[in-house]
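Colleague: build me a model from this:
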Amino acid sequence: MGHAQENAEFVPLNIAVLTVSDTRTEETDTSGHTLVDRLQQTGHKLQSKAIVKDDVYQLRSILSQWIAESEIHVVLITGGTGFTARDSTPEAVKPLFDKTVEGFGELFRQISAQDIGSSTVQSRALAGIANNTVVFCMPGSPNACKTAWDGIIKEQLDARHRPCNFVAMVLAKVAAEAPVITACETRS
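Modeller: Predicted coordinates for the structure are as follows:
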């Protein structure tokens with residue numbers, strides 16, 4: 001488990017939430033609302049929210065626009081990570097990544113196993129970096145969103161979390177003239 005750095009301050013980030021679903025509406029989007037509630041309770045700002053059909057090209061269109069916007073630091077995607085014929089989130093987002101955050105999916109499945117056992121192997125949760133925007137993709141259930149946020153994302157979007165977090169990297173997107181600063185510290 002990580003540690004908080006005592007002299008660092010919390011830095012609120014602008015986060016967009018995208019729900020991938022053929023059936024959800026704003027009223028029935030329980031997973032999207034779970035993420036919005038969690039990020040706002042933590043002190044981050046909801047920059048944008050949308051629901052998109054589970055279609056590779058529609059999903060890529062919205063995600064590409066958000067990745068290009070300097071005001072959006074993080075994108076949280078819920079839904080479309082399973083194995084049904086319509087689940088296409090990984091296929092849609094992977095080509096947009098500059099780098100993949102391999103550990104997110106691995107850790108998500110490890111944490112999920114405590115609640116859902118071997119069914120966790122059917123999750124294709126993933127994360128990556130695109131244009132200094134971190135993108136987290138998780139299953140489309142409120143419990144999966146809680147697991148991802150509470151167990152991984154919340155700490156990784158907190159500048160006080162050590163030894164590593166994504167805050168300095170995503171803020172470098174806004175201050176393009178500033179060099180990218182690594183947020184990892186080495187331990188002596």
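Colleague: which pLDDT value belongs to the residue nearest to the spatial centre of the chain?
Modeller: The chain has residue 136 as the residue nearest its centroid, 2.4 Å off, counting by C-alpha atoms, centre = their mean. On pLDDT, residue 136 comes in at 98.
Colleague: element containing it?
Modeller: strand 133-138 (DSSP states H and E).
Colleague: restricting to C-alpha, output that strand in CSV.
Modeller: Output of strand 133-138 as CSV, limited to C-alpha atoms (Å, rounded to 0.1, in the frame of the first residue of the first chain):
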residue,chain,number,x,y,z
THR,A,133,-4.5,12.2,-20.2
VAL,A,134,-4.9,9.1,-18.1
VAL,A,135,-7.8,6.9,-19.2
PHE,A,136,-9.3,4.2,-16.9
CYS,A,137,-11.7,1.6,-18.3
MET,A,138,-13.7,-0.5,-15.9
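Colleague: so where do the helices sit in this structure?
Modeller: Counting by DSSP state H, the chain has helices at residues 30-42, 56-68, 89-93, 102-116, 142-148, 154-156, 167-174.
Colleague: can you redo the ones you listed as CSV with mean neighbour count, distance to residue 83 and mean pLDDT?
Modeller: For every residue, glycine as well, the C-beta is placed using N, CA and C. Output for those, formatted as CSV (neighbours: other C-beta atoms under 10 Å; distance: least, C-beta to C-beta, whole Å; pLDDT from 0 to 100):
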stretch, mean neighbour count, distance to residue 83, mean pLDDT
helix 30-42, 19, 18, 98
helix 56-68, 17, 15, 97
helix 89-93, 21, 10, 95
helix 102-116, 16, 14, 95
helix 142-148, 21, 15, 97
helix 154-156, 18, 26, 97
helix 167-174, 18, 31, 86
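Colleague: out of these, nearest to residue 48?
Modeller: Smallest distance to residue 48 across these (C-beta to C-beta): 6.6 Å, for helix 56-68.
Colleague: what's the angle from that closest one to strand 133-138?
Modeller: Calculated by axes from the mean of the first three to the mean of the last three C-alpha atoms, to 10 degrees, helix 56-68 forms an angle of 140 degrees with strand 133-138.
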